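**Student:** From the sequence below, what's the structure:
(one chain, ligands or ions: 1)
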Amino acid sequence: MVWQVEKLGTDCVPVNPSFASGVIPIFHDDCSACHEASGGWDASSYQTVMTSGNHTPVIVAADVPNSLLMQRMSGNLGAIMPPTGKLSDIEIQTIMNWINMGAQEN
Ligand code: HEC
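**Tutor:** Prediction:
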């Protein structure tokens, strides 16, 4: 498995994205319709993003390859998330950078 962290450069993807302004808006747009308070992973807040899920941890800080969320979003494990198809490279890279920077509540 190859994670091309540098692929897009830093032109349009923040190196240190904020959870509040960079990451959770993606979850709300693309995941929350299915992932809110109905069992499994809950995308509604930082707390639930980090601690909920049938197979926890869904996110491992600073460890993209071992984060189930990234495995599912890349289609490397099980059905791809979201089921309608892969998010844009920019969205995926933003979430990856946030995890790599420690998956902080920032
Ligand atoms: C159309 C509904 C739908 C959308 C939208 C969706 N998912 Fe899912 N997701 C599911 C279902 C149903 C499951 C449980 C079945 C499975 O694991 O395939 C699941 C499972 C998962 C799991 C495993 C959870 C666990 O508890 O083990 C992760 C992680 C995940 N989704 C991430 C995402 C992310 C990230 C997004 C948005 C980028 C997303 N999903 C969007 C329906 C959806």
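**Student:** Return the residues of this protein in contact with the ligand.
**Tutor:** Within reach of the ligand by CB under 6 Å from any ligand atom, the chain has these residues: 30-31, 33-35, 40-41, 53-55, 58, 68-69, 72-73, 78-79, 81-83, 87. All C-beta spots, glycine's among them, are computed from the backbone N, C-alpha and C.
**Student:** if we go to 5 Å?
**Tutor:** 30-31, 34, 40-41, 53-55, 58, 68-69, 72, 79, 81-83 (CB under 5 Å from any ligand atom).
**Student:** Buried among those? Make that a ChimeraX selection.
**Tutor:** Typed into ChimeraX, the line below selects the buried ones among those, using 16 or more other CB atoms under 10 Å:
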select :30,31,41,53,58,68,69,72,81,82
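**Student:** out of the residues of the chain next to the ligand, which are inside strands?
**Tutor:** Of the positions in those, not one sits in strands, assigned by DSSP state E.
**Student:** In helices, which of the residues of the chain next to the ligand fall?
**Tutor:** 30, 68-69, 72 (DSSP state H).
**Student:** Determine which two of those residues are furthest apart.
**Tutor:** 30 and 68 (16.4 Å; CB to CB).
**Student:** which ones are touching the residue positioned nearest the centre of the chain?
**Tutor:** The chain has residue 95 as the residue nearest its centroid, 4.7 Å off, counting by CA atoms, centre = their mean. Applying CB atoms under 8 Å, 6 or more residues apart in numbering to residue 95 gives the contacts 17, 23, 26, 69-70, 73.
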